[in-house]
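Enquirer: can't give you the sequence, but here's the structure:
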């Protein structure tokens, strides 16, 4: 059924959009956020189709052919394509909010160390001007909770844990979330602005970590 | 009235100067000082006009058209241009001292974390050779106070807080200033040398932060 | 005898493979892992021959001629070539496992500081998603011991210390190892994937170091 | 008198050597070791003449014309050239040892913070493999003292403080030295290998600083 509603061109990825993900991957690599083959990058192609990085490639040295189309259930639309196990977490975001055009997931040292140091289920962020990078936040005085979820290799179970913070009935959508000992998820209306939010999130996490490193 | 005293060419920005800001933005980005769309860069065009980065663009990937002319009251000189809310802080500096040719404002991790850790209204810097990067300082033995202001979303009110340290009657002008949890403001006779002072300020802030991180 | 079983072309290095090592050296340099002339990079040429970086050159600015062929006993196959003293540690790995196609050794600040801080003979790694970068590890919940050996200028004696963890009878091969106050050894099926594992190892070491730097 | 023994071409700098210093300046800048106009780079032109960076320029964006010839007393050989005040510290090294072909001085965060934290007149370095980067050191077990001098704006007086560690009668020449709150001096037979030693020194200083930052 999903098959029938797919765009006739669902099995290929717009080269401009693929190039955008390739370039953002290189930027993430320069920041040290995609060690090994870590991280996933995606962008929306249509209501029902997203483009996402293939499993097992280095996200800092992508080529167009590493960007593959999947449906919102996370299924590859072409035989032989191998989307990442975490594709479902991307799909969950695209399904939640039609205005989301891109999702970036990276593994930074700050996100990894801070989320393991934080015993609770959120990191409290306040007093940071950069919080204004996120929609609806107009002052550094805002108290913002960045959700932290325990990591889980069962992605469907993990998605179920994450679902409540993405509930359409909830008054606000969070600025992103962190998987403990794993990394950060950021989203935005397009690839470029999603990267800006990822930069802002990583900046906040690095600040919080360095703050805790003061003797 | 201001309109009448403006240069006939007030509505456009000298391309060489715009390119200078574009290049400094890229350098600030490589240092990690302009995450997301953070930061503002400006340079003086004439007695009454400055060129400043537009609001809501990434300062590490500027193009000439992102550099817009504003008057010393912070008003855009062309319809549709959208200067940053913080333009007023730039204007305050240009109005204070006709020898100021450029102002750079970035958001670094060191400035953000250190200014939040520092309870007082200044960071004491002494014993640093690099202090000699600033006018009038001839020895590392100088005791230099880098002012820290509490952040405020009301920029006019913030400017009023800052005004006393820029009082023309004051014996010395500070080496820069920091907005708590926000970032640093640096100024200089031209774009290049303003960047040198920003580098020196950020170096000092990073040193002070790492010193406090010793166990 | 070894001489007779060598490939007729054992005395030259495939230029594509040499270029691969040159490029990885530049990447390691950008990460700060090969200060001065530190580090060694190698790749397998055949069952009996490996290509390895020459002694006393900067690994971030290699040229093809800096990559020299040696046999599995670490002996240069051409007169005048000077392999590193640590070549034997590379050979030990190639001899242990025919599926190893590349070995990278770098000196990072994290590996150096952490291995000196760790009093024991291994660093325990658990709770890190990035552990899945290594073969056979399917969950962040795995408890992984990264062996740490006391540094020794007698490389044959050091190799004998390392031998037990590479014992073919052992159930698992470690994810790499660290020489205390010295650096890390990583291996993989080819140059590119070996670099990925090195990135993952260095990421883990940096995380552990920053964790211990929290006040 | 010195004038008469100078090479007939003492008033110009070999372009290849100048380009070498330009390139090393760019590398030092990428490492963050020459903020603002900090640092000095020099290389020997002859027994009596050295080439050194001009005062008040950014060492990361040098051009050939920023490299000026001076005699071993630190005097410019051309009218209008303005060598740095610290030129005398370079000259002291070239005069001490004819095998010294290059001297590099940078301002790193690690050198600055660590030298201020260290109360004594030397930093003890031991247990580091990278110590072998320096002549005469064959084991990480060597105990190496890196001299630290209190900073002084009177360069002649500072040179006199430094003189004893460079005494030709002393059994060993140190691996470099640090000016407290200021930066590091490194030397070597040529520009390239001097940079390697600077990298090794900075690596050691960063390691020592991070070690002290462990909670």
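Expert: Noted; the coordinates are in hand. In this text, all values refer to a predicted model and were calculated from it rather than measured experimentally.

Enquirer: what does the helix or strand hosting residue A:88 contact?
Expert: Secondary structure assigned from DSSP states H and E places residue A:88 in helix A:87-96. Around helix A:87-96, the neighbours that count as contacts under CB atoms under 8 Å, 6 or more residues apart in numbering or on different chains are A:40, A:42, A:44, A:50, A:52, A:70, A:72-74, A:100, A:103, A:105, A:155-156, A:158-159, A:162-163, A:166, A:168, A:173, A:185, A:187. Heads up, the C-betas are built off the backbone N, CA and C, glycines and all.

Enquirer: Pull out the buried members of these.
Expert: By neighbour count, with 16 or more other CB atoms under 10 Å in any protein chain shown, the contacts of helix A:87-96 hold A:40, A:42, A:44, A:50, A:52, A:70, A:72, A:74, A:100, A:103, A:105, A:155, A:158-159, A:162, A:166, A:173, A:185, A:187 as buried.

Enquirer: Spell out which residues of chain A are next to chain C.
Expert: When proximity is defined by CB under 8 Å from any CB of the partner chain, chain A lies next to chain C at A:32, A:35-38, A:58, A:107, A:109-110, A:112-113, A:116-117, A:151, A:153, A:179-183, A:209, A:212-215.

Enquirer: residue ranges of the helices in chain A, please?
Expert: Counting by DSSP state H, residue ranges of the helices within chain A are A:2-5, A:15-30, A:87-96, A:109-117, A:155-162, A:191-212.

Enquirer: any low-confidence regions in chain A?
Expert: Scanning chain A for pLDDT under 70 picks out the ranges A:1-9.

Enquirer: Can you tell me the number of residues neighbouring residue A:207?
Expert: Neighbours of residue A:207 under the rule other CB atoms under 10 Å in any protein chain shown: 25.

Enquirer: sorry, back to before: out of the contacts of helix A:87-96, name the ones that lie in strands.
Expert: The strands, defined by DSSP state E, take in A:40, A:42, A:44, A:50, A:52, A:70, A:103, A:105, A:185, A:187 from the contacts of helix A:87-96.

Enquirer: which one of those is nearest residue D:199?
Expert: residue A:105 (34.1 Å; CB to CB).

Enquirer: Now do the contacts for that closest one.
Expert: In this structure, residue A:105 makes contact with A:39, A:40, A:41, A:86, A:89, A:90, A:183, A:184, A:185, A:186, judged by CB under 8 Å, 6+ apart.

Enquirer: 7 Å instead?
Expert: Residue A:105 sits next to A:39, A:40, A:86, A:183, A:184, A:185 when contact means CB atoms under 7 Å, 6 or more residues apart in numbering or on different chains.

Enquirer: quick one, what contacts the last one?
Expert: Pointing back at residue A:185 there. Applying CB under 7 Å, 6+ apart, one finds that residue A:185 lies in contact with A:89, A:103, A:105, A:176, A:177.

Enquirer: that older thread, so for the helix holding residue A:88, what gets flagged as buried?
Expert: So, applying 16+ other CB under 10 Å, buried residues of helix A:87-96: A:87, A:88, A:89, A:90, A:91, A:92, A:93, A:94, A:96.

Enquirer: before we move on, back to that, can the helices of chain A go into a markdown table with extra columns for distance to residue D:128?
Expert: Written out in a markdown table, the entries for the helices of chain A read as follows (distance: least, CB to CB, whole Å):
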| stretch | distance to residue D:128 |
| --- | --- |
| helix A:2-5 | 59 |
| helix A:15-30 | 28 |
| helix A:87-96 | 43 |
| helix A:109-117 | 23 |
| helix A:155-162 | 42 |
| helix A:191-212 | 26 |
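
Enquirer: Of all the ones you listed, which one is nearest residue C:202?
Expert: When the helices of chain A are compared for distance to residue C:202 using CB to CB, the nearest one is helix A:109-117, at 9.9 Å.

Enquirer: What residues sit buried inside that closest one?
Expert: Using 16+ other CB under 10 Å as the burial criterion, the residues of helix A:109-117 that qualify are A:109, A:110, A:111, A:112, A:113, A:114, A:115, A:116.

Enquirer: next one: stretch A:134-141
Expert: When neighbours are counted by 16+ other CB under 10 Å, the buried residues of stretch A:134-141 are found to be A:134, A:137, A:140.

Enquirer: and chain A, which residues reach chain B?
Expert: Contact residues, chain A versus chain B (CB under 7 Å from any CB of the partner chain): A:127-130, A:133, A:138-140, A:196-197, A:199-200, A:203, A:206-207, A:210-211, A:213-215.

Enquirer: can you do 10 Å?
Expert: Within reach of chain B by CB under 10 Å from any CB of the partner chain, chain A has these residues: A:27, A:30-31, A:110, A:126-134, A:138-141, A:192-193, A:195-204, A:206-215.

Enquirer: Only the buried subset of these, as a PyMOL command please.
Expert: Taking 16+ other CB under 10 Å as the burial criterion, the selection of buried members of the residues of chain A next to chain B in PyMOL is written as:
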select buried, chain A and resi 27+110+127+128+129+130+131+132+133+134+140+193+195+196+197+198+199+200+201+202+203+204+206+207+208+209+210+211+212+213+214
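
Enquirer: For chain D, tell me which of the residues of chain A next to chain B show up nearby.
Expert: Checking the residues of chain A next to chain B against chain D by CB under 10 Å from any CB, the ones in range are A:212, A:213, A:214, A:215.

Enquirer: mind listing which of those are in strands?
Expert: Cross-referencing these against strands under DSSP E gives no overlap.

Enquirer: Identify the farthest-apart pair in these.
Expert: Taking CB to CB, the two most distant members of those are A:212 and A:215; they sit 10.4 Å apart.

Enquirer: Common neighbours of the two, please.
Expert: Where contact means CB atoms under 10 Å, 6 or more residues apart in numbering or on different chains, the residues bridging residue A:212 and residue A:215 through contact with each are B:213, C:213, C:214, C:215, D:215.

Enquirer: which one of these is nearest residue A:10?
Expert: Distance from residue A:10 was checked for each of these by CB to CB. The minimum falls on residue C:214, at 47.2 Å.

Enquirer: was I right about the closest one contacting residue A:110?
Expert: No - with contact defined as CB atoms under 10 Å, residue C:214 and residue A:110 do not form a contacting pair (11.8 Å).

Enquirer: Are there residues contacting both of these two? Which ones?
Expert: A:209, A:210.

Enquirer: how much space between the closest residue to residue A:68 other than its chain neighbours and chain D?
Expert: For residue A:68, the nearest residue in space outside its immediate sequence neighbours is residue A:81; the separation is 4.2 Å by CB to CB, 6 or more residues apart in numbering or on different chains. Residue A:81 is 39 Å from chain D, where distance means CB to the nearest CB, to the nearest Å.
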